[in-house]
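[1] Below: sequence and its predicted model.
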Number of protein chains: 2
Amino acid sequence: MILMKDEIQANLEDSEGWELVDETWIKKQFILRTFPKAIQFVTDIADLAELRQHHPNITIDHKQVTIQLSTLDEGGLTQKDFESAHAYDRTFQKYD
Amino acid sequence: MILMKDEIQANLEDSEGWELVDETWIKKQFILRTFPKAIQFVTDIADLAELRQHHPNITIDHKQVTIQLSTLDEGGLTQKDFESAHAYDRTFQKYD
């Protein structure tokens, strides 16, 4: 179910570093130590995404990985996006 | 060594599906069968990139993988970009 503006705002406050894009996406940039670490992080994220059948857009620019989430088949942001965001944040902590 | 415009053009003619972007990048979109295949393709590309110490920008949008190449420390396109492009094309053939 699509989140209302105030629900999105409340979720964003619990999601450090995630920002709203075009009202229908959330986005965060992760910086890894090396390019191979960036790729390993992406494969970890991809495993989670495949398990949840909820796939983010991913951009890799050397050590920088940018993740964007939206629930395309509902046309906006849902709780699934924030749940994935938090799962990715927990995954990133392993790389710190 | 930075390639001249006519050298870029000659190389592009030998590089099916690669297009010039902003005169300093070449770009190609690859479509894989599934999201896990897209991720596997990206890790293969990343291994080649790490071996060559020449890293592309990579965007993953579900089954679509877009690769951009440029030689940043020389400020434009070099033979290295086209060599990487051809290596990635050969890798992609394994997924077809």
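    Happy to help now that I have it.
[2] For chain A, which segments are assigned as helices?
    Per DSSP state H, chain A carries helices over the ranges A:5-13, A:35-52, A:79-93.
[3] The shortest one - contacts with which helices or strands?
    Contacts of helix A:5-13 with other secondary structure elements, assessed using 3 or more Cβ pairs under 8 Å, 6 or more residues apart in numbering or on different chains; DSSP states H and E, are made with strand A:19-21. Just so you know, the C-beta spots here come from the backbone N, C-alpha and C atoms, and that holds for glycine as well.
[4] Check which residues of the strand it packs on are buried.
    Buried residues in strand A:19-21, counted by 16 or more other Cβ atoms under 10 Å in any protein chain shown: none are found.
[5] Which strands and helices lie in contact with it?
    helix A:5-13, strand A:25-31.
[6] quick one, the first one and helix A:79-93 angle?
    The directions of helix A:5-13 and helix A:79-93 differ by 10 degrees, with axes from the mean of the first three to the mean of the last three Cα atoms, to 10 degrees as the criterion.
[7] And the shortest one, by the same measure?
    When the same axes, to 10 degrees is applied, the directions of strand A:25-31 and helix A:79-93 differ by 0 degrees.
[8] Check what contacts strand A:25-31 and list those residues.
    A:12, A:15, A:17-21, A:41, A:63-70, A:77, A:81-82, A:85, A:88, A:92 (Cβ atoms under 8 Å, 6 or more residues apart in numbering or on different chains).
[9] 7 Å instead, please
    With Cβ atoms under 7 Å, 6 or more residues apart in numbering or on different chains as the test, strand A:25-31 has contacts from A:17-21, A:41, A:63-70, A:77, A:81, A:85, A:92.
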